[in-house]
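# Starting from these lines, generate the structure:
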Amino acid sequence: SQDEGGAKKAKTSDWDAPESTTPGRWDATPTPGRVIDATPGRRNRWDETPTPGRLVDSDATPGGVTPGATPGATAWDATPKLPGMATPTPKRQRSRWDETPATMGSATPLPGATPAAAYTPGVTPVGGVELATPTPGALQGSFTPEQYNLLRWERDIEERNRPLTDEELDAMFPQEGYKVLDPPASYVPIRTPARKLLATPTPLGTPLYQIPEENRGQQYDVPKEAPGGLPFMKPEDYQYFGALLNEENEEELSPDEQKERKIMKLLLKVKNGTPPQRKTALRQLTDKAREFGAGPLFNRILPLLMQPTLEDQERHLLVKVIDRVLYKLDELVRPYVHKILVVIEPLLIDEDYYARVEGREIISNLSKAAGLATMIAAMRPDIDNIDEYVRNTTARAFSVVASALGIPALLPFLKAVCQSKKSWQARHTGIKIVQQIAILIGCAVLPHLRSLVEIIEHGLNDENQKVRTITALSLAALAEAAAPYGIESFDSVLKPLWKGIRQHR
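Now for the predicted structure:
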């Protein structure tokens, strides 16, 4: 029977046995008052409800005990006290998270205790050191990184820009060929410490508020009404006609001021007035052109034409004013030819077709009023200008002059310019004038075709490539304008053209 009992015992495994009846610490539901720390070596401070007056041994930090305090209390349990004060016996477990953060620097740290400054990293510093605008008192004790870098840069700049001594200058320059001059008696060196101020001044240097001066001419949201039945002004017109808004007694003005005021009124009516006002003002400007004079008229009209916000209709009206004024002024316009050309020439290359037509119309009338000699004298400096834009507009203006006064009148000047030895820009512009003449007047070049070809034919062998290119383009423009006639006029350039085709292909 003992053998049978031993065999049964051997066949039984640990998995066949019923569940262990030994209770585990995680099996039971915690009940109030149940002591979990009964099992030796299995104590856990997280398993129990804290009770007042109980101290957990694991909370004690080695080396963190305040001398003279009750064992078990740590530096994290209470606010540090001044030396000589008794440390009270804690009545309950206290945490550093339950306390109001101590002010930095409010107490002297005790030996072995955690510094009070480490309690709260975000404490507002005393004295306004970290404020946006530093106070003068705080700057004396400490600097922000920006202020420190600014001072360092200033010292570096002062060191680099310091005046050179005589010894340093002697070392830099050769001993011969230079002479030291004494400064004038009236010379006073500039010594302004104001230039060494910090970028952001302190409140002590901030200027006080000053009452602004009253400006009677200031424009507000509601524009003033023009007096005397004048038309409404646009905001961009105040720059040119703002003087009309000042209510002044015209009898007290000088004759020149009265004349200028009258011109402004008439131009404003032409520009912004109703059709009846415009018609009357245009007639008065035409009839009194010689009375007003070329100077006052063009000094008011030309700035209006250069206005960037000028509309097409307004430009057309101002061009009409110039046309009629030119017709009346005639030779009186000569001193102002260059001023007029500076304003009108850009119209010749405008994108708008009608703007180009109006520009040609003004230059044509100007040529008839001023004469060929005046036009050549006014535009001659621009022929060899470095700027290609200026040379281009000048060539187009000369072509308009040629169409207005006749090509034969301009041929001697063109021949001299195209054979200029002074600069290739002058030769380039002269040949471009021939091209623009052919484009502008078309088949009317036939009577003068041979003369124009002879003037520019040498450009095919010019040393400058741009001159050779514009010569070929000018010959092509002449051929297109004269087609299907005039092939005999090109006899002198056919061989160079064929040779160029073989060389440059």
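
# By mean pLDDT, flag the weakest helix or strand of the protein.
When the helices and strands of the chain are compared on mean pLDDT, DSSP states H and E, helix 136-141 comes out lowest with a mean of 47.

# which parts of the following helix or strand past that helix are buried?
Once the chain leaves helix 136-141, the next helix or strand it forms, by DSSP states H and E, is helix 145-160. Within helix 145-160, no residue counts as buried by 16 or more other CB atoms under 10 Å. Bear in mind the C-beta positions are built from the backbone N, C-alpha and C, glycine included.

# Tabulate the CA atom coordinates of helix 145-160 in PDB.
Provided in PDB are the C-alpha atoms of helix 145-160 (Å, rounded to 0.1, in the frame of the first residue of the first chain):
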ATOM      1  CA  PRO A 145      22.900  89.100 -24.000                       C
ATOM      2  CA  GLU A 146      21.700  91.600 -26.600                       C
ATOM      3  CA  GLN A 147      23.000  94.500 -24.500                       C
ATOM      4  CA  TYR A 148      26.300  92.800 -23.900                       C
ATOM      5  CA  ASN A 149      26.800  92.000 -27.600                       C
ATOM      6  CA  LEU A 150      25.800  95.600 -28.600                       C
ATOM      7  CA  LEU A 151      28.500  97.000 -26.200                       C
ATOM      8  CA  ARG A 152      31.000  94.500 -27.500                       C
ATOM      9  CA  TRP A 153      30.300  95.500 -31.100                       C
ATOM     10  CA  GLU A 154      30.600  99.200 -30.200                       C
ATOM     11  CA  ARG A 155      33.900  98.600 -28.600                       C
ATOM     12  CA  ASP A 156      35.000  96.700 -31.700                       C
ATOM     13  CA  ILE A 157      33.900  99.500 -34.100                       C
ATOM     14  CA  GLU A 158      35.500 102.200 -31.900                       C
ATOM     15  CA  GLU A 159      38.800 100.200 -32.000                       C
ATOM     16  CA  ARG A 160      38.700  99.800 -35.800                       C
END
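
# Give me the residues contacting the helix or strand that that helix is followed by.
For helix 145-160, the succeeding helix or strand toward the C-terminus, using DSSP H and E, is helix 166-172. Applying CB atoms under 8 Å, 6 or more residues apart in numbering, the contact partners of helix 166-172 are 164, 180.

# Can you name the element that comes right after helix 166-172?
helix 238-241.

# How many neighbouring residues does residue 355 have?
18 (other CB atoms under 10 Å).

# Let me know the distance separating it from residue 336.
21 Å (CB to CB, to the nearest Å).

# low pLDDT regions in the stretch 151-300 of the chain?
Applying pLDDT under 70 to the stretch 151-300 of the chain flags the ranges 190-208, 214-229.

# Surely residue 467 and residue 432 touch.
No: in this structure, residue 467 is not within contact of residue 432 by CB atoms under 8 Å, at 9.9 Å.

# Show me which of the two is the more surrounded one.
Neighbours were counted for residue 467 and for residue 432 using other CB under 10 Å; residue 432 has more, 26 against 23.

# Let's verify that one: helix, strand, or coil?
Here residue 432 is helix, with the state taken from DSSP: H, G, I helix; E, B strand; the rest coil.

# Same question for residue 263.
At residue 263 the chain is in helix, as set by three-state DSSP.

# Might one say that it is in contact with residue 292?
Yes: applying CB under 8 Å, one finds residue 263 in contact with residue 292, separated by 5.8 Å.

# between these two, what contacts are shared?
With CB under 8 Å, 6+ apart, residue 263 and residue 292 have common neighbours residue 285.

# Give me the below-cutoff pLDDT ranges for the stretch 1-150 of the chain.
For the stretch 1-150 of the chain, the stretches flagged by pLDDT under 70 are 1-45, 47-96, 98-142.

# and with 80 instead?
Across the stretch 1-150 of the chain, the ranges flagged by pLDDT under 80 are 1-143.

# Low-confidence stretches in the stretch 401-505 of the chain?
Low-confidence segments of the stretch 401-505 of the chain, defined by pLDDT under 80: 502-505.

# ok, now with 90
419-423, 442-443, 457-465, 468, 482-505 (pLDDT under 90).

# which residues of it fall in strands?
In the stretch 401-505 of the chain, no strands are defined using DSSP state E, counting those that start in this stretch.

# Phi, psi for residue 185 please.
For residue 185, the backbone dihedrals are phi -70, psi -30 (criterion: degrees, to the nearest 10).

# do residue 274 as well
According to degrees, to the nearest 10, residue 274 has phi -70, psi 160.

# quick one: it and residue 230 touch, right?
No: with contact defined as CB under 8 Å, residue 274 does not count as touching residue 230 (11.5 Å).

# Comparing the two, which residue is more hemmed in?
Shown here are residue 274 and residue 230; by other CB under 10 Å, residue 230 has more neighbours (18 against 10).

# Contacts only, for the more buried one.
Going by CB under 8 Å, 6+ apart, residue 230 touches 244, 265, 268-269.

# same thing but at 10 Å, please
Contacts of residue 230 were listed using CB atoms under 10 Å, 6 or more residues apart in numbering, and they are 241, 244-245, 264-265, 268-269, 272-273, 277.

# hang on, the earlier thing: quick check: neighbours shared by residue 467 and residue 432?
Counting by CB under 10 Å, 6+ apart, the shared contacts of residue 467 and residue 432 are 418, 456.

# List the contacts of residue 317.
When contacts are counted by CB under 10 Å, 6+ apart, residue 317 touches 267, 270-273, 278, 281-282, 304, 311.

# Quick check: the gap between it and residue 165.
Distance from residue 317 to residue 165, by CB to CB: 70 Å.

# now residue 339
From residue 339 to residue 165 the distance is 55 Å (CB to CB).

# Show me which of the two is the more surrounded one.
residue 339 (16 against 9).

# Report all helices and strands that the strand or helix carrying the more buried one contacts.
Following DSSP H and E, one finds residue 339 within helix 337-344. Identification of packing neighbours for helix 337-344 by 3 or more CB pairs under 10 Å, 6 or more residues apart in numbering; DSSP states H and E yields helix 294-305, helix 312-329, helix 353-370, helix 372-379, helix 388-405.

# Please identify the buried residues of the fourth one?
For helix 372-379, a neighbour-count test (16+ other CB under 10 Å) marks 372, 374-375, 378-379 as buried.

# contacts for it?
Residues outside helix 372-379 that contact it (CB under 10 Å, 6+ apart): 331, 333-342, 345, 363, 366-371, 383, 393-395, 397-398, 400-402, 404-406, 409-410, 413, 417, 429.

# Just the buried ones out of those, please.
Among these, those classed as buried by 16+ other CB under 10 Å are 333-334, 336-337, 339-341, 345, 363, 366-371, 383, 393-395, 397-398, 400-402, 404-405, 410, 413, 417, 429.

# taking the contacts of residue 317 one by one, which sit in helices?
Secondary structure from DSSP state H places 267, 270-272, 278, 281-282, 304 of these in helices.

# so can I have JSON lines of these showing distance to residue 178?
Formatted as JSON lines, the ones in helices among the contacts of residue 317 follow (distance: CB to CB, whole Å):
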{"residue": "267", "distance to residue 178": "62"}
{"residue": "270", "distance to residue 178": "66"}
{"residue": "271", "distance to residue 178": "64"}
{"residue": "272", "distance to residue 178": "67"}
{"residue": "278", "distance to residue 178": "71"}
{"residue": "281", "distance to residue 178": "69"}
{"residue": "282", "distance to residue 178": "70"}
{"residue": "304", "distance to residue 178": "57"}
